[in-house]
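[1] fold the following for me, if possible:
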Amino acid sequence: MTLHSEKAPPPAGAGVSSRTEVLGAGDYLRLGWQRIRGGETGILPVVGGLILVSIVFQSLNSRFLTAGNLVNLLVQAAVFALFGMAEVFVLLLGEIDLSAGFVAGIAAVVMAWLVQPSIGWPWWAAIIAGLAATAAIGLLQGSLFATIGLPSFVVTLAGQLFWAGVMLFILGNGGAILIQNSVINGIASATLSRIGGWIFAIVVVAVYGTLIYRRDARRRSSGLAAAPVSLTWAKIGLVALGAAALILLVNVDRGILRPVYGLPWVVVLVLAVLVVWAYLLGRRRFGMYVYAVGGNAEAARRAGIRLVRIRVISFMLCSFTAGIAGIVYASRLRSISTSLDGGTLVLYGIAGAVIGGTSLFGGRGKMLHGVLGGLVIAAIDNGMGLLGFSAAAKNMVTALVLLAAVTIDSLARRNRPK
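    Residues are numbered from 1 along each chain as shown. As a prediction, this is how the structure comes out:
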């Protein structure tokens with residue numbers, strides 16, 4: 001099995017320029033359309049769904065697209081997006097982790113306990129300890145799955161029950177730990193200054209533009225199919241416009257009793273996690289191995305990939321990312337208690353990853369899918385909340401959206417070449 005092959009650069013003057021000339025904007029767009037018809041829909045379904053959801057809720061309640069509500073939606077989506085990214089690691093293997101919700105709770109409990117005045121740990125050390133605990137949990141559960149051969153469904157279902165019990169044991173019935181540290185509480189509530197938001201946007205666009213331009217230039221110089229220069233600049237321009245629109249939105253004063261404006265720090269955190277994990281999956285050998293194992297585990301084993309190692313690390317990263325979600329969740333509430341509904345949170349994470357475009361069958365998906373799916377779930381929850389719908393109605397609508405996403409994935413798989 002060939003896991004990675006790249007067309008060698010042709011000799012100088014051996015047709016690179018002609019290839020670049022043939023693949024103009026029209027040719028590249030037609031190639032993209034052929035991929036869509038072949039089942040490679042990418043993020044188009046979830047982006048279309050997000051636009052449709054926004055139109056529907058705005059038509060029913062004019063407050064949906066106001067600056068205050070949209071920024072609140074971004075903060076709401078942070079937890080769902082982080083859980084979605086956590087589940088992407090195991091879904092790419094064709095597996096599932098049902099324990100992530102209460103694993104996140106363990107991270108929050110450890111952090112909140114250590115940062116108490118009576119214990120006196122600094123905030124950064126408490127966060128590291130909480131995340132280290134989740135990584136250890138992922139190592140344990142991943143080892144039970146990968147080395148012993150227990151089904152991931154059974155291992156993580158047992159983990160869900162066990163870690164929920166640990167939380168109950170530490171906190172007691174109806175117990176809670178209040179978080180009094182301003183830095184930790186500021187993760188979900190603090191914002192950048194107006195100028196800080198613009199600086200952040202400029203840095204993001206500059207880094208993205210440099211990476212995308214260099215990638216397309218390398219492909220063109222190697223004679224591979226790549227976007228023409230005009231489309232490369234168009235993509236960079238669209239990202240720049242989106243970043244500017246976001247900063248203009250968050251810099252609107254949305255306060256009631258006092259001025260409130262600026263990009264929430266939690267959005268920066270989610271984007272940072274997205275960039276790091278996307279780089280790991282898309283640019284490093286580990287990511288290539290994850291896709292190979294999820295696509296065909298037996299072929300990957302014969303190619304020399306250490307299946308146990310890849311699977312254990314994937315479960316560790318899933319639990320670690322869930323721990324980040326747990327810290328953000330506790331920061332929003334300024335506490336952690338036994339009322340944490342870890343079962344619902346993990347199901348929302350799985351739903352978000354699948355709605356975003358990650359396949360339940362393994363081998364296909366990106367970290368961006370978890371973020372976009374989390375936005376869709378948050379938009380449904382937020383919009384139906386504005387309309388006064390009950391939690392039962394929100395769950396039913398989310399279930400229908402998930403079912404539609406899985407249906408699209410199944411139909412797309414049929415159209416792909418075998």
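[2] return the distance of the helix or strand containing Cys318 from the chain's centre.
    Take DSSP states H and E as the rule and Cys318 turns out to sit in helix 307-333. Computed by CA atoms, centre = their mean, to the nearest Å, the chain-centroid distance of helix 307-333 equals 11 Å.
[3] what are the buried residues along it?
    307, 310-333 (16 or more other CB atoms under 10 Å). For glycine as for every other residue, the C-beta is placed from the backbone atoms N, C-alpha and C.
[4] mean confidence score for it?
    The average pLDDT within helix 307-333 is 96.
[5] quick check: next helix or strand after that helix?
    strand 335-337.
[6] list the neighbouring strands of that next one plus their orientation.
    Counting by DSSP bridges, the strands paired with strand 335-337 are strand 176-178 (antiparallel).
[7] list the buried ones in the partner strand?
    So strand 176-178, judged by 16+ other CB under 10 Å, has buried residues Ile177.
[8] next structured bit after that strand?
    helix 182-189.
[9] return the list of helices and strands in contact with that next one.
    helix 123-143, helix 265-283, helix 307-333 (3 or more CB pairs under 8 Å, 6 or more residues apart in numbering; DSSP states H and E).
[10] any chance of these in a markdown table with distance to Ile43 as columns?
    What follows is the helices and strands packed on helix 182-189, written out as a markdown table (distance: least, CB to CB, whole Å):
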| stretch | distance to Ile43 |
| --- | --- |
| helix 123-143 | 27 |
| helix 265-283 | 13 |
| helix 307-333 | 20 |
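[11] go through the ones you listed and name the closest to Gly186.
    helix 265-283 (6.6 Å; CB to CB).
[12] what's the average pLDDT for the closest one?
    Mean predicted confidence for helix 265-283 is 94.
[13] relative orientation of it and helix 307-333 in degrees?
    170 degrees (axes from the mean of the first three to the mean of the last three CA atoms, to 10 degrees).
[14] buried stuff in helix 265-283?
    Result for helix 265-283 [16+ other CB under 10 Å]: buried residues 265-270, 273-274, 277-278, 280-281.
[15] a markdown table for those residues, including distance to Ala297?
    Shown next, in a markdown table, are the buried residues of helix 265-283 (distance: CB to CB, whole Å):
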| residue | distance to Ala297 |
| --- | --- |
| Trp265 | 40 |
| Val266 | 36 |
| Val267 | 36 |
| Val268 | 37 |
| Leu269 | 33 |
| Val270 | 31 |
| Val273 | 27 |
| Leu274 | 27 |
| Trp277 | 22 |
| Ala278 | 23 |
| Leu280 | 20 |
| Leu281 | 17 |
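[16] specify which member of those is nearest to Ser390.
    Using CB to CB, those come closest to Ser390 at Val266, 27.0 Å.
[17] so what's that closest one up against?
    Residues near Val266 by CB atoms under 8 Å, 6 or more residues apart in numbering: 74-75, 78, 187-188, 328, 331.
[18] cool, Met316 as well?
    135, 138-139, 142.
[19] can I get stretch 337-344 as PDB, trimmed to CA atoms?
    The C-alpha trace of stretch 337-344 is given here as PDB (Å, rounded to 0.1, in the frame of the first residue of the first chain):
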ATOM      1  CA  SER A 337     -20.800  20.900  39.700                       C
ATOM      2  CA  THR A 338     -22.500  17.600  39.500                       C
ATOM      3  CA  SER A 339     -25.100  19.100  37.200                       C
ATOM      4  CA  LEU A 340     -22.700  18.700  34.300                       C
ATOM      5  CA  ASP A 341     -24.500  16.800  31.700                       C
ATOM      6  CA  GLY A 342     -21.500  15.000  30.200                       C
ATOM      7  CA  GLY A 343     -23.700  12.500  28.200                       C
ATOM      8  CA  THR A 344     -25.400  15.300  26.300                       C
END
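[20] packing partners of the helix or strand hosting Arg215?
    Following DSSP H and E, one finds Arg215 within helix 194-221. Helices and strands touching helix 194-221, by 3+ CB pairs under 8 Å, 6+ apart, are helix 16-22, helix 229-250.
[21] can you list those helices in TSV and add mean neighbour count and mean pLDDT?
    Output for these, formatted as TSV (neighbours: other CB atoms under 10 Å; pLDDT from 0 to 100):
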stretch	mean neighbour count	mean pLDDT
helix 16-22	13	41
helix 229-250	15	90
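[22] could you list the low-pLDDT ranges of the stretch 1-150 of the chain?
    Applying pLDDT under 70 to the stretch 1-150 of the chain flags the ranges 1-42.
[23] now do the helices in it.
    16-22, 25-37, 44-60, 67-91, 100-114, 123-143 (DSSP state H, counting those that start in this stretch).
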